[in-house]
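1. Whatever this is, show me its structure:
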Amino acid sequence: MATVASTNTKQKAYLQLHLAVFLFGFTAVIGKLITLEQTALVWNRLWIAVLGLVFIPGVVKGIRSIKRCNFLIFSGIGVLVALHWLTFYGSIKVGNSASVTLACLATSSLFTSILEPLITKSKFQWIELILGLLVIVGIYFLSGVGEAYYWAIVIGIVSAFLAAMFSTLNKKYITGQNSLSVSTIELAAGFVFISVCYPLLQNLFPQPQWFPTGNDWWWLIILGLLCTSLAFALALEALKEISAFIATLSINLEPVYGILLAICFLNEDTQLNFDFYLGTGIILLAVILHPIIIKIQKREGKPIRKQTP
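-> Numbers count the residues shown, from 1 in each chain. Alright, predicted model coming up:
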C-alpha cells in the first residue's frame with residue numbers, strides 16, 4: 001500500500017510540474033505582447049502575483065510559521081528569481097524573439113546537473129550531465145539563430161543559470177514548507193529588490209513608463225496570477241517529490257510549448273522545418289530517457305542520487 005501511495009504521489013507531482021511548465025510556456029508570449037520594458041514588466045508581474053497569493057487562506061499563517069533563517073534564505077532566492085526574470089525578458093526584448101530566449105532557457109538543465117551535487121551535497125551523476133549536454137544539442141537545432149541574436153543568446157544563458165540556481169536552492173530548502181507561503185516570500189522579496197534598486201535600474205535600463213495601460217493590464221493579470229502565482233506554487237509543490245534536475249529537465253519542454261504558442265498567438269514567422277522537429281525530438285528524448293534510466297538503475301541495484309542529511 002505504501003508503494004502504491006508513493007507512486008500516486010510521484011504521479012501527482014509530475015502532473016503538477018507539467019501543468020506549471022505549460023503555464024510557464026505562456027510567459028514569453030505574454031511578455032512580448034506587453035508593451036512595458038523588462039524592468040517595469042517584472043516589477044508589475046511580481047506585485048500582482050504577491051497580491052494574488054496573500055489572499056489565499058493559510059498563506060500568511062504559513063509565512064509566520066517559517067523560521068527567521070529560512071525566511072532570509074527564501075528571500076535571497078526571491079532575488080535570484082527577480083534577476084532571472086529581468087534577464088529572461090531582457091533577452092526577449094533585445095532579440096525581439098520569444099523562441100530564441102525559450103531555447104536558451106533549456107540550458108538550465110546543464111547548469112543544474114553541476115550545481116545540484118554542490119548545493120544539496122548529493123552524489124554527482126554523469127548521466128545527468130550527459131543528458132544536459134544532449135539538451136544543448138537540441139537547442140542548437142531548435143534555435144537556428146544568427147549573429148543578430150548574439151546578445152539575446154548571452155542574456156538568455158545567464159537567465160538559464162539563474163533559473164538553475166533558484167531551482168536547486170528551492171529543492172534544498174522547500175521540504176516541509178508550505179509551497180504557497182514560500183512562493184509569496186520569494187516573489188515579495190523580488191518585488192522589494194527591484195523597488196530598492198529602482199534608481200540604479202532606471203539609470204541602466206530607462207523605462208518610459210512603470211505602470212501598464214490598456215490591454216497591458218489584462219495581460220499582466222494573467223501573467224501574474226496564472227503564469228506566476230499558480231505555476232510557481234505548482235512547481236514548488238512538485239519539487240518536494242522529485243529532484244531539481246528532473247524538474248529542470250522537464251521544464252525544457254517550455255521552449256517547445258512557447259514556440260508553438262508563439263506561432264498560434266503571435267503569428268511569428270517561425271518555420272517548423274526539419275531542424276525544429278529534430279531539436280524538439282532531442283529535447284523530448286532527454287526528458288523521457290531520464291526516468292527510464294533511473295528505473296533501470298533501481299532494478300539493477302545501482303546507487304541513485306539521494307540528498308544527504
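2. Residue 48: what's it in contact with?
-> Contact analysis of residue 48 by Cβ atoms under 8 Å, 6 or more residues apart in numbering lists 220, 221, 223, 224, 225, 228. All C-beta atoms are positioned from the backbone trio N, CA, C, and that covers glycine.
3. need those residues in CSV with neighbour count and distance to residue 188, can you?
-> Shown next, in CSV, are these (neighbours: other Cβ atoms under 10 Å; distance: Cβ to Cβ, whole Å):
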residue, neighbour count, distance to residue 188
220, 22, 17
221, 16, 18
223, 27, 17
224, 23, 13
225, 17, 15
228, 26, 12
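4. Can I get those residues in a markdown table including pLDDT and secondary structure?
-> Shown next, in a markdown table, are the contacts of residue 48 (pLDDT from 0 to 100; DSSP: H, G, I helix; E, B strand; the rest coil):
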| residue | pLDDT | secondary structure |
| --- | --- | --- |
| 220 | 92 | helix |
| 221 | 91 | helix |
| 223 | 90 | helix |
| 224 | 88 | helix |
| 225 | 89 | helix |
| 228 | 83 | helix |
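5. And those residues, which is closest to residue 68?
-> Looking at the contacts of residue 48 and their distance to residue 68, the nearest is residue 228, at 25.7 Å (Cβ to Cβ).
6. if I pick the closest residue to the closest one other than its chain neighbours, what's in contact with it?
-> Leaving aside its chain neighbours, residue 228 sits nearest to residue 49 (3.9 Å; criterion: Cβ to Cβ, 6 or more residues apart in numbering). Residues in contact with residue 49 (Cβ under 8 Å, 6+ apart) are 187, 224, 225, 228, 229, 232.
7. biggest separation within those residues, which pair?
-> Largest separation among the contacts of residue 49 by Cβ to Cβ: 187 and 225, giving 11.6 Å.
8. Kindly list the longest helix within this structure.
-> Longest helix in the chain, counting residues (DSSP state H): helix 2-33.
9. Packing partners of that helix?
-> Contact here means 3 or more Cβ pairs under 8 Å, 6 or more residues apart in numbering; DSSP states H and E; on that basis helix 2-33 packs against helix 68-95, helix 98-105, helix 216-224, helix 231-239, helix 244-251, helix 253-266.
10. Need the winner for burial among those helices.
-> Burial of the helices and strands packed on helix 2-33 is given as mean neighbour count (mean count of other Cβ atoms under 10 Å); helix 98-105 ranks first at a mean of 28.
11. what pLDDT, on average, does it get?
-> For helix 98-105, mean pLDDT is 77.
12. distance of the residue nearest to residue 228 from residue 33?
-> 18 Å (Cβ to Cβ, to the nearest Å).
13. Could you identify the helix or strand that succeeds the helix or strand residue 113 falls within?
-> Using DSSP states H and E, the element containing residue 113 is helix 108-120. Next in sequence after helix 108-120, counting helices and strands by DSSP H and E, comes helix 126-143.
14. Could you list every helix and strand that that next one packs against?
-> helix 98-105, helix 108-120, helix 244-251, helix 253-266, helix 274-299.
15. Report the angle between the next helix or strand after that helix and helix 231-239.
-> Sequence order places helix 150-173 as the next helix or strand after helix 126-143, per DSSP H and E. Counting by axes from the mean of the first three to the mean of the last three Cα atoms, to 10 degrees, helix 150-173 lies at 50 degrees to helix 231-239.
16. Next, report how far the helix or strand following helix 150-173 is displaced from the centre of its chain.
-> Sequence-wise, the next helix or strand downstream of helix 150-173 (DSSP H and E) is helix 179-196. Distance of helix 179-196 from the chain centroid (Cα atoms, centre = their mean, to the nearest Å) equals 15 Å.
17. Please work out the average pLDDT along helix 179-196.
-> 93.
18. The residue nearest to residue 228: which element?
-> helix 38-54.
19. Can I get that helix as CSV, trimmed to CA atoms?
-> Output in CSV follows, covering the C-alpha atoms of helix 38-54 (Å, rounded to 0.1, in the frame of the first residue of the first chain):
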residue,chain,number,x,y,z
GLN,A,38,11.6,44.3,-18.9
THR,A,39,12.2,46.0,-15.5
ALA,A,40,8.7,47.5,-15.3
LEU,A,41,7.2,44.3,-16.6
VAL,A,42,8.8,42.2,-13.9
TRP,A,43,8.0,44.7,-11.2
ASN,A,44,4.3,44.7,-12.1
ARG,A,45,4.3,40.9,-12.5
LEU,A,46,5.7,40.5,-9.0
TRP,A,47,3.3,42.7,-7.1
ILE,A,48,0.2,41.3,-8.9
ALA,A,49,1.4,37.7,-8.1
VAL,A,50,2.0,38.5,-4.4
LEU,A,51,-1.4,40.2,-4.2
GLY,A,52,-3.0,37.1,-5.6
LEU,A,53,-1.2,34.8,-3.1
VAL,A,54,-1.7,36.7,0.2
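20. Can I get the next helix or strand after it in CSV, CA atoms only?
-> Where DSSP H and E defines the elements, the next helix or strand beyond helix 38-54 is helix 59-65. Output of helix 59-65 as CSV, limited to C-alpha atoms (Å, rounded to 0.1, in the frame of the first residue of the first chain):
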residue,chain,number,x,y,z
VAL,A,59,-0.6,31.7,3.3
VAL,A,60,0.0,34.5,5.8
LYS,A,61,-0.2,32.0,8.7
GLY,A,62,2.3,29.8,6.9
ILE,A,63,4.7,32.7,6.5
ARG,A,64,4.6,33.4,10.2
SER,A,65,5.5,29.8,11.0
